[in-house]
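**Q** give me coordinates for this.
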Amino acid sequence: MPEYKATVIIPVYNVEKFVESCLISLTGQTIGFDNIEVLLVNDGSTDNSEAICKGFADKYENVVLYSKENEGLSKTRNYALARANGKYIFFLDSDDRLRADTVKSVTDFFDTVYDEVDLVTYRIIQYFNGVPVITHNRYRTLLKTGVYDLLDPENRFITQTNVNICIKNRGEDNLLFDTTPNFRHEDEKYCCDILREKMKIGFCDKGEYIYNRDNMDSIVSTKFSPENIFDTSMDFYEQLFNSFSRFVPTYYQGIVFNDFRWKLKDGKLLPVHLDGEDWERANIRIDRLLAKIEEDTIVLHPSVPELQRYYWLMRRPNSHPIVLCDDDNVRIVLNGRELLSAKKIKLSVENGRAKLMSPVFFFLKKSQVKVFNNGKAVEFVFEKNMKSTDVADFMPSFYLDAQAENNVTVVINSKEYKTAK
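**A** Below you'll find the model as predicted:
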């Protein structure tokens, strides 16, 4: 029988401003602090972090401090996993905190579903300058405490990618974090691997992981530039998808597409540092993964802006949206399903440059489009530069004097449509 109800693993690296509040959040846990084992692993800090941790270890017998040379986050967590004594294991970064009811609420719930799941998640709330910011879209699905079937397509966007989790302590059989150099999805892979066996996840709607965004120099502030992570990220996605012989479960489709989504938005997906055949090969890797992601995973994702959604449908090798031009509407239809219908084309004007902002242009050639202003034909640029990290660059653009009186119309496949700002 484990000595503690839970072990909390805390890697420590140069967090002298934050680690004390992190530890105080544990001493005040409603389960009773003596029911918690705290494993602090100093990963070669060069500031006062170790001394602060030592103060807590000297004061509390259930707080253990280990110090080692700097090896990185994954090896540091693995070091502690081999030494955990609690029935359950939590992970906590040393600049973050847990709300007071977290350990008790989560472990009490886990006890009730122990044979059904291997991982229980709970809410993570990001704080910037002390103010909570928008929560993850998974909480549009995780609405109440319970067990969620990850084979159900309705749950494809839970996408558990952070370590706001509680897992069973399996001792020597504990799953370890991936230590591949320049791999920045170790939390995501860890959760994917644990969930794989039962394809179910528990959710406790009590408790809270308080994620501190103020410390951008912390142990988890990693470099996500494509130069550093493109190959290791693609390796992870490919190995994940290839591990399924026929069909990739929609949950794992959601995991990869969610990464594609935010990386494209932040300019961290496309390996624009590559040229020629290297660039082509890299894009083939992206598109082969897209081919295994269902259209519904793209169309239904709750956090994808409209233009980006259609950008992905344009890229997906086995998707064939078509543009239908009626007298009153221009439409996008996919497999008989109408995805978009518009009477007017949105016109965006900034610094004398106008853009026609409609998803229809992802699926059109320049020869199918004509632009007029006050009845006169307008020269426009319409090039699909796949190296662009801004999907708006795929839209037709032209010079427009915003101070003049303008009446811009667009002809698509011989049908004329008005524009609207």
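**Q** please enumerate the helices of the stretch 1-150 of the chain.
**A** Listed in chain order, the helices of the stretch 1-150 of the chain (DSSP state H, counting those that start in this stretch) span 19-27, 49-59, 73-81, 102-112.
**Q** can I get those helices in CSV with distance to S225 and mean neighbour count?
**A** Every C-beta, even on glycine, is put in place using the N, C-alpha and C of the backbone. Shown next, in CSV, are the helices of the stretch 1-150 of the chain (distance: least, C-beta to C-beta, whole Å; neighbours: other C-beta atoms under 10 Å):
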stretch, distance to S225, mean neighbour count
helix 19-27, 28, 20
helix 49-59, 27, 17
helix 73-81, 18, 21
helix 102-112, 34, 21
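**Q** could I get the ones you listed as CSV with distance to D118 and mean pLDDT?
**A** Conversion of the helices of the stretch 1-150 of the chain to CSV gives the following (distance: least, C-beta to C-beta, whole Å; pLDDT from 0 to 100):
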stretch, distance to D118, mean pLDDT
helix 19-27, 24, 97
helix 49-59, 30, 98
helix 73-81, 15, 97
helix 102-112, 10, 99
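**Q** for V272, find the nearest of these.
**A** helix 73-81 (27.3 Å; C-beta to C-beta).
**Q** which other helices and strands contact the closest one?
**A** strand 4-12, strand 36-43, strand 63-68 (3 or more C-beta pairs under 8 Å, 6 or more residues apart in numbering; DSSP states H and E).
**Q** now for those, which one comes closest to L176?
**A** Of all the helices and strands packed on helix 73-81, strand 4-12 comes closest under C-beta to C-beta, at 12.1 Å.
**Q** tell me the angle the closest one makes with helix 102-112.
**A** 130 degrees (axes from the mean of the first three to the mean of the last three C-alpha atoms, to 10 degrees).
**Q** pairing partners for strand 4-12, with directions?
**A** Looking at strand 4-12 with DSSP bridges, its partner strands are strand 36-43 (parallel), strand 86-91 (parallel).
**Q** quick one: distance of that strand to the chain centre.
**A** 25 Å (C-alpha atoms, centre = their mean, to the nearest Å).
**Q** next, the angle helix 49-59 makes with it.
**A** Using the same axes, to 10 degrees: strand 4-12 against helix 49-59 is 160 degrees.
**Q** so for R140, which of the helices and strands packed on helix 73-81 sits nearest?
**A** Nearest to R140, of the helices and strands packed on helix 73-81 and by C-beta to C-beta, is strand 4-12 at 28.4 Å.
**Q** what's the first-to-last distance across stretch 68-84?
**A** 17 Å (C-alpha to C-alpha, to the nearest Å).
**Q** swap in stretch 180-193?
**A** Start-to-end, stretch 180-193 (C-alpha to C-alpha) is 15 Å.
**Q** can I get the strands paired with strand 4-12 in a markdown table with mean neighbour count and distance to K355?
**A** Shown next, in a markdown table, are the strands paired with strand 4-12 (neighbours: other C-beta atoms under 10 Å; distance: least, C-beta to C-beta, whole Å):
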| stretch | mean neighbour count | distance to K355 |
| --- | --- | --- |
| strand 36-43 | 24 | 48 |
| strand 86-91 | 23 | 45 |
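**Q** could the ones you listed go into a markdown table alongside distance to P226 and mean pLDDT?
**A** Listed next are the strands paired with strand 4-12 as a markdown table, based on distance: least, C-beta to C-beta, whole Å; pLDDT from 0 to 100:
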| stretch | distance to P226 | mean pLDDT |
| --- | --- | --- |
| strand 36-43 | 26 | 98 |
| strand 86-91 | 27 | 99 |
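**Q** among these, which is nearest T179?
**A** Counting by C-beta to C-beta, T179 lies closest to strand 36-43 out of the strands paired with strand 4-12; the figure is 12.9 Å.
**Q** follow-up on the earlier one: could I get the helices and strands packed on helix 73-81 as a markdown table with distance to D278?
**A** Compiled in a markdown table, those are given as follows (distance: least, C-beta to C-beta, whole Å):
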| stretch | distance to D278 |
| --- | --- |
| strand 4-12 | 35 |
| strand 36-43 | 35 |
| strand 63-68 | 38 |
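**Q** right, and the ones you listed - which one's nearest G336?
**A** Comparing those by C-beta to C-beta, strand 4-12 comes nearest, at 51.1 Å.
**Q** which ones are touching D43?
**A** Neighbouring residues of D43 by C-beta atoms under 8 Å, 6 or more residues apart in numbering: 11-13, 68, 70-73, 76, 219.
**Q** who does it form a beta bridge with?
**A** If you apply DSSP bridges, the partners that D43 bridges to are K68.
**Q** ok, now how distant is it from T232?
**A** 20 Å (C-beta to C-beta, to the nearest Å).
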